[in-house]
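>>> coordinates for the following, if possible.
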Amino acid sequence: MATERGRPRTARFGGRLLAAAVAAAALAGCATATNSQNPGRMQISTAQAPHLGQILVNKTGRTLYLFVADPPNQSTCSGACASIWPPATTEGAPTTAGSAQRSQVATISRSDGPPQIVYGGHPLYYYQADTGRGDTLGEALTQFGAEWYAVSPQGQQVESGTSAGPP
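Numbers count the residues shown, from 1 in each chain. Take a look at the predicted model:
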């Protein structure tokens, strides 16, 4: 068997294959963490968040946010905004679980991907820095000209354990 620097050729090939597989898995993880825009059928549920109370989350527990600058049933977040605040999208009718109310759920068209989920008239988003179940790092941030808030099961913005703002 041919060798290079004392290693069999098959060992070198196997190492390269493993490195390629690890790189592909890392890239896939990044796409998932930032909403790949191809999530399949979305499920909206609820979870108890410290200092916020009941909030909307996806089926893996990621917090869903509203953008105060959005008019009812219309997203104003695209481009750089959507790279930091990826829209919560769905392929097929979204489902609900927990205290999430099916009557509050709708979708709107986006020019840059699948339909975006709307809850109580508010387009929903993820925050890129929230990477795990229960993260609420986007809560009450002001970015792209307005505030971002977690959403209550009643469709209202959530601030410090209470719902505020119009439904």
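>>> center of this protein - which residue?
Taking CA atoms, centre = their mean, the centroid of the chain lies closest to Tyr126, which sits 3.5 Å from it.
>>> so who does it touch?
The contact partners of Tyr126, taken as CB atoms under 8 Å, 6 or more residues apart in numbering, are 34-35, 58, 62-65, 85-88. (C-beta placed from N, C-alpha, C; glycine too.)
>>> can we see that at 10 Å?
Listed by CB atoms under 10 Å, 6 or more residues apart in numbering, the contact set of Tyr126 reads 33-35, 57-58, 62-65, 84-89, 135, 138.
>>> now the phi/psi pair for it, please.
The phi/psi pair for Tyr126 (degrees, to the nearest 10) reads phi -100, psi 160.
>>> and the pLDDT at it?
On the pLDDT scale, Tyr126 is placed at 97.
>>> host element of Trp47?
In this structure residue 47 is Ala, not Trp. strand 43-49 (DSSP states H and E).
>>> so how far is the very next helix or strand once past that strand off the chain centroid?
Tracing the chain C-terminally past strand 43-49 and defining elements by DSSP H and E, one meets strand 53-58 next. Computed by CA atoms, centre = their mean, to the nearest Å, the chain-centroid distance of strand 53-58 equals 13 Å.
>>> tilt between strand 53-58 and strand 43-49?
Strand 53-58 and strand 43-49 are oriented at 150 degrees to each other (axes from the mean of the first three to the mean of the last three CA atoms, to 10 degrees).
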